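In: requesting a structural model of the entry that follows:
(2 chains)
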Number of protein chains: 2
Amino acid sequence: MDTPNEFPSLQLRSLVRIPGELEVSLAQAPVPAPKGDEVVVRVEGAPLNPSDLGLLFGAADMATARQSGTREKPVITATIPPERMPAMASRLGQPMPVGNEGAGVVVAAGESPEAQALVGRTVALLGGAMYAQYRSIKAKVCLVLPEGTTAAEGASCFVNPLTSQGMVETMRMEGHKALVHSAAASNLGQMLNRICSADKVGLVNIVRSRAQADLLKGQGAAYVCDSSSPGFLEDLTEALVATGATIAFDAVGGGPLAGQILGCMEAAAGRTAREYSRYGSAVHKQVYVYGNLDPAPSTITRNYGMAWGVGGWYLTPFLQKIGRDGQQKLRARVAAELKTTFASRYAREISLAEALTLEHIAAYNKRSTGEKFLLNPNKGLPT
Amino acid sequence: MDTPNEFPSLQLRSLVRIPGELEVSLAQAPVPAPKGDEVVVRVEGAPLNPSDLGLLFGAADMATARQSGTREKPVITATIPPERMPAMASRLGQPMPVGNEGAGVVVAAGESPEAQALVGRTVALLGGAMYAQYRSIKAKVCLVLPEGTTAAEGASCFVNPLTSQGMVETMRMEGHKALVHSAAASNLGQMLNRICSADKVGLVNIVRSRAQADLLKGQGAAYVCDSSSPGFLEDLTEALVATGATIAFDAVGGGPLAGQILGCMEAAAGRTAREYSRYGSAVHKQVYVYGNLDPAPSTITRNYGMAWGVGGWYLTPFLQKIGRDGQQKLRARVAAELKTTFASRYAREISLAEALTLEHIAAYNKRSTGEKFLLNPNKGLPT
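Out: Sure, this is the predicted structure:
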């Protein structure tokens, strides 16, 4: 194979240029020829996950976004409100590549046999900077996809598949027997529903519309509670009684939801309580907030005794906790069930330049269920 | 010793008589002569702790309280708002004795040598129903007070001394090196300050007035932050940087405080961070809510990364977690340091009848720092 000295590579970058101003643009970031156990992957699919959007647009108010630059290289500029700048201070002046995960074809490899073995294979990657035409990476961290798998099919091998499995594992590790999930009609929620169905784990799905409820029920979900319905709290309590769920993973974050879940868990526990306890039920009730669909403050009403907790949850510390063997087990299941349990669907595939248009940003930054976009950094570009 | 067949004993009782109505009254509840390893204690001191007030007045709106009955046996009646009745449903129709802890003199004992050995001794008790003239209890659960200790001095041997030690132990067990305490000028807070001073543990005290700050500083507290001061958040952040505290025990509960503490912990972590992390600092930041001075919802702003938790904390599960040996260690320290580290101060000593007057209820139910009342169930009564 004839390897060039470097691969010209257009890369998406997010920069807090000056206090109060975010700039997202495309820049050339050539990838050097691989050495040793490195490979170079031509990225052909990378999802725009909520966790990517957090880095991409930071604390900017995207209602203020303006588009400039050229058609091939648009530039997006947006204002960061002063009160949100403290959280952005440490990234001031540093152009940051974006894109947690993706998939593509190995187009060059270093001299090690491990790297050489991957040439021509389609692989899935986790590690950041995936919104670029090429990505250099160690061969051993590539997840080799089964023959016949496209980059689009393998683009979301890590974040959602490991997060959904991580929720079920956390449930088990912390001694609960069933779980609650909010924003449950998302790609992640649909995955979780398939896992729980296969593993016979009780799952209470909370969605925000009748259409989402119908979607999940159509996929066999046994318990779906619609928070826009007037009977929501009663429905939720019934589902908690039926499943015994005492742990929840909440993608919404803001508003009353986390507190409502705890309140309904307490009401469910009270249905079987035999005597009054001034401290509420003794069973520990936990809500983990893993997303931020509603950035408003969470209002925690604390009318559910003393055995409760609300906290942040995310993938990285969970993976550290379960160690290398635990991670390997989860990854193996992803590879084996990529086209079934862990299949993702995208509303649209866009190019790097399309990702920086106001029209597409308005769509993929909405964070609404069922509108996930796939970025193909090589779409419309000569390879 | 000549033991009567039973001890006539006036007892305070809290009753949700009918839905929407709380009644607190005094009733005769004779205590039978002790048998075997039982003793009968004449209760001479029992504190009115916030945890007692929760059972005493339940979810009633005490602004609606009315006093009836006689001077010797007043009756207090108050309305329970309909929206708070669900939490009270399981105690409907059950007269509940009140008073978690107290101290008094052993006036009769069963035939076992262990019980007989206690006759005439002043002992401290934990176990409920202490707002009564006499309490029957197993000899082995009595904490025998050193000679020369009064019942008033030994009345608060458990709740505050074990809770304050429990906070420091929880801090150690969960891997933190210093702690934050709110409502820190309380009896409990002053105890915690003395423990931390003796054990060389960093403690950040949060108080709600200048006078409380002065009180604690006068007792040698190194870090006192006044939440009524305009520089509160900056002061708190500085104290967190200085101590490295990443766990807090909050008695306030409602409003922004728990979230503010987490936000300042994150800001303190950011002072030493070397690079931007979109998930915030990796160090886990924890607030345990153990009180309810402000019953409003807690507003959790979630602008402090993902490594955070807020949850309920109280003594009973903590004691279960540390087991019998751990408990014994904590109790031994209380007995040894009862007049120093674990000394309590009371604004006033009142009788059972005085406890059921609107005037005194208004004072001891205020839950304001420094106004703790001691109930002496035998005050003004023939013994």
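In: can you report how many residues lie near A:Ala347?
Out: 13 (other CB atoms under 10 Å in any protein chain shown). Bear in mind the C-beta positions are built from the backbone N, C-alpha and C, glycine included.
In: list the contacts of it.
Out: A:Ala363, A:Gly370, A:Glu371, A:Lys372, A:Phe373 (CB atoms under 8 Å, 6 or more residues apart in numbering or on different chains).
In: wait, is A:Leu319 part of a helix?
Out: Yes. Assessed with DSSP: H, G, I helix; E, B strand; the rest coil, A:Leu319 lies in a helix.
In: just the buried subset of the contacts of A:Ala347, please.
Out: For these, a burial check counting by 16 or more other CB atoms under 10 Å in any protein chain shown picks out A:Ala363, A:Lys372, A:Phe373.
In: ramachandran coordinates for the second one?
Out: Translated: A:Lys372. phi -80, psi 140 (degrees, to the nearest 10).
In: what of the last one?
Out: Geometry field for A:Phe373 lists phi and psi as phi -100, psi 150, criterion degrees, to the nearest 10.
In: from the contacts of A:Ala347, which one has the minimum pLDDT?
Out: Minimum pLDDT for those is recorded at A:Gly370 (59).
In: what residue in the stretch 101-250 of chain A comes nearest to chain B?
Out: A:Gly128 (10.2 Å; CB to the nearest CB).
In: that residue in helix, strand or coil?
Out: coil.
In: the helices in chain A, which residues?
Out: A:50-57, A:113-116, A:151-154, A:159-173, A:187-199, A:210-218, A:232-243, A:257-271, A:315-336, A:352-355, A:358-364 (DSSP state H).
In: and chain B, is the longest one touching that?
Out: Right, helix A:315-336. Yes. Using CB under 8 Å from any CB of the partner chain, helix A:315-336 reaches chain B at A:Thr316, A:Pro317.
In: quick one on the thing from earlier: any chance of the helices of chain A in JSON lines, plus distance to A:Lys140?
Out: Output for the helices of chain A, formatted as JSON lines (distance: least, CB to CB, whole Å):
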{"stretch": "helix A:50-57", "distance to A:Lys140": "24"}
{"stretch": "helix A:113-116", "distance to A:Lys140": "7"}
{"stretch": "helix A:151-154", "distance to A:Lys140": "17"}
{"stretch": "helix A:159-173", "distance to A:Lys140": "18"}
{"stretch": "helix A:187-199", "distance to A:Lys140": "26"}
{"stretch": "helix A:210-218", "distance to A:Lys140": "38"}
{"stretch": "helix A:232-243", "distance to A:Lys140": "40"}
{"stretch": "helix A:257-271", "distance to A:Lys140": "39"}
{"stretch": "helix A:315-336", "distance to A:Lys140": "12"}
{"stretch": "helix A:352-355", "distance to A:Lys140": "28"}
{"stretch": "helix A:358-364", "distance to A:Lys140": "32"}
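In: nearest to B:Pro295, out of these?
Out: helix A:257-271 (13.5 Å; CB to CB).
In: any weak-confidence spans in chain A?
Out: A:1-2, A:272-279, A:367-370, A:382-383 (pLDDT under 70).
In: returning to that earlier point: among the contacts of A:Ala347, which are in reach of chain B?
Out: Applying CB under 8 Å from any CB to those, none is adjacent to chain B.
In: isn't A:Leu381 up against A:Gln133?
Out: Yes. The pair A:Leu381 / A:Gln133 is scored as a contact, 6.6 Å apart, by CB atoms under 8 Å.
In: about what we covered before: list just the nearest of the buried ones among the contacts of A:Ala347 to B:Ala139.
Out: Nearest to B:Ala139 among the buried ones among the contacts of A:Ala347, with distances taken as CB to CB, is A:Lys372, at 67.8 Å.
In: B:Ala221 versus the closest one, what's the distance?
Out: Distance, A:Lys372 to B:Ala221, by CB to CB, to the nearest Å: 53 Å.
In: again with A:Gly45
Out: 58 Å.
In: and A:Pro81, by the same measure?
Out: A:Pro81 is 37 Å from B:Ala221, by CB to CB.
In: more neighbours, those two?
Out: More neighbours surround B:Ala221 than the other of A:Pro81 and B:Ala221, with 23 against 11 (other CB under 10 Å).
In: OK, contacts around A:Met191?
Out: A:Met191 touches A:Asn160, A:Pro161, A:Ser164, A:Thr341, A:Phe342, A:Ser344, counting by CB under 8 Å, 6+ apart.
In: repeat that for 6 Å
Out: A:Asn160, A:Ser164, A:Phe342 (CB atoms under 6 Å, 6 or more residues apart in numbering or on different chains).
In: go on, A:Ala282?
Out: Here A:Ala282 is in contact with A:Ala307 (criterion: CB under 6 Å, 6+ apart).
In: for A:Leu15, same thing?
Out: A:Glu23, A:Pro95 are the contacts of A:Leu15 under CB under 6 Å, 6+ apart.
In: what separates it from A:Pro95, distance-wise?
Out: Distance from A:Leu15 to A:Pro95, by CB to CB: 5 Å.
In: same thing with A:Ala332?
Out: In terms of CB to CB, A:Ala332 sits 36 Å off from A:Pro95.
In: check A:Met265 too.
Out: Distance from A:Met265 to A:Pro95, by CB to CB: 45 Å.
In: neighbour-wise, which of these two wins?
Out: More neighbours surround A:Met265 than the other of A:Met265 and A:Pro95, with 30 against 16 (other CB under 10 Å).
In: which residue sits closest to that one in space, ignoring its chain neighbours?
Out: With CB to CB, 6 or more residues apart in numbering or on different chains as the criterion, A:Met265 has its nearest non-adjacent residue at 4.3 Å, and that residue is A:Lys285.
In: hang on, the one you found packs against A:Ala267?
Out: No. Judged on CB atoms under 6 Å, A:Lys285 makes no contact with A:Ala267 at a distance of 10.8 Å.
In: among these two, which residue is more densely surrounded?
Out: Each of A:Lys285 and A:Ala267 has its neighbours counted (other CB under 10 Å); A:Lys285 has more, 28 against 20.
In: tell me the bridge partners for that one.
Out: A:Trp308 (DSSP bridges).
In: can you pull up the bridge partners for A:Thr77?
Out: The partner residues for A:Thr77, given DSSP bridges, come to A:Glu23, A:Arg66.
In: list, one by one, the residues from chain A near chain B.
Out: Contact residues (CB under 6 Å from any CB of the partner chain) of chain A with chain B: A:54-55, A:90-91, A:253, A:276, A:278, A:297-302, A:306-312, A:314.
In: number of nearby residues for A:Gly218?
Out: Counted with other CB under 10 Å, A:Gly218 comes out at 8.
In: A:Leu92 versus A:Pro19, what's the distance?
Out: A:Pro19 is 7 Å from A:Leu92, by CB to CB.
In: repeat for A:Gly326
Out: 37 Å.
In: got a list of what A:Glu354 touches?
Out: Counting by CB under 6 Å, 6+ apart, A:Glu354 has contacts A:His360.
In: stretch A:30-41: end-to-end distance?
Out: End-to-end distance of stretch A:30-41 (CA to CA, to the nearest Å): 13 Å.
In: go on, stretch A:95-115?
Out: 30 Å.
In: of the helices of chain A, which is nearest B:Ser182?
Out: helix A:257-271 (20.3 Å).
In: in that closest one, which residues are buried?
Out: Per 16+ other CB under 10 Å, helix A:257-271 contains these buried residues: A:257-270.
In: cool, stretch A:160-177 as well?
Out: Buried residues in stretch A:160-177 (16+ other CB under 10 Å): A:160-171, A:176.
In: show me which of those residues is closest to A:Val105.
Out: A:Pro161 (20.7 Å).
In: isn't that closest one right next to A:Val334, touching?
Out: Yes. Taking contacts as CB under 6 Å, A:Pro161 lies within contact range of A:Val334: 4.4 Å.
In: overlap in contacts of those two?
Out: A:Phe342.
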